[in-house]
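**Q** show me the folded form of this:
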Amino acid sequence: MEEQSWPLSLKWLHLALAILVTFQLFSQLKMHAIWKHVGVALYQHVLYWAHMLLGTTTFLVILLFWREICLSRELRLHLFPYLGIHRERIWMDMRGALQGSLPEGGMRGGLPGFVHGLGILVVTAMGLTGILMFYLIFSAHGVKPAATYYALPKSIHSLVANLLWGYWGGHIAMALLHARKNPRILRIFVPET
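**A** Below you'll find the predicted structure:
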């Protein structure tokens, strides 16, 4: 399938996730928890709250993305190409990549779909643990929650953040590599077309 086959709703959701996830990744670099008042600059408090509030928005976009996945068999087969020809395309795409040939674009499963599926799973894990942490912080009235029930989601959130950094960098690198061969691939970022 060609790049034009992407539904308009997915283009908007992809653009929203790209912007929100990028903000989330970069904002956490200089963010300090609000309960660490001493010696923390005002902008770090702002980043902390922006990270939590936009993280909630990001989670809502992730839920909308999952709604699209549930409603579209074609999208499910693209993102989770574990059956039939879609799975076979993973191996075909890997062999082609080893020979310097990039896979086709569009919803076809294969290696790009498999990687996108892993990405949505990583982003979902990040969102779930982030929402849980936000709830725990909010229910503790902005003070540090007890480590007994806060440590596990925070550890998972931190681990998944490292995976997401790798995915984010690799995703951008592959998109630019594909764009050198076929600039039409960047149409995914133009929701009105």
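
**Q** and the residue nearest the centre of the chain, how close does it get to Ala146?
**A** Nearest to the geometric centre of the chain sits Val123, at 4.0 Å (Cα atoms, centre = their mean). Distance from Val123 to Ala146, counting by Cβ to Cβ, to the nearest Å: 28 Å. For the C-beta atoms, the positions are set from N, CA and C on the backbone; glycine is no exception.

**Q** swap in Tyr82?
**A** Counting by Cβ to Cβ, the gap from Tyr82 to Ala146 is 40 Å.

**Q** just give the number of residues close to Leu60.
**A** 14 (other Cβ atoms under 10 Å).

**Q** other SSEs contacting whichever helix or strand it is part of?
**A** Assessed by DSSP states H and E, Leu60 sits inside helix 42-71. Applying 3 or more Cβ pairs under 8 Å, 6 or more residues apart in numbering; DSSP states H and E, we find helix 42-71 packed against helix 8-27, helix 73-79, helix 110-139.

**Q** can you tell me which of the ones you listed comes nearest to Leu176?
**A** Closest approach to Leu176 among those (Cβ to Cβ): helix 8-27, 13.5 Å.
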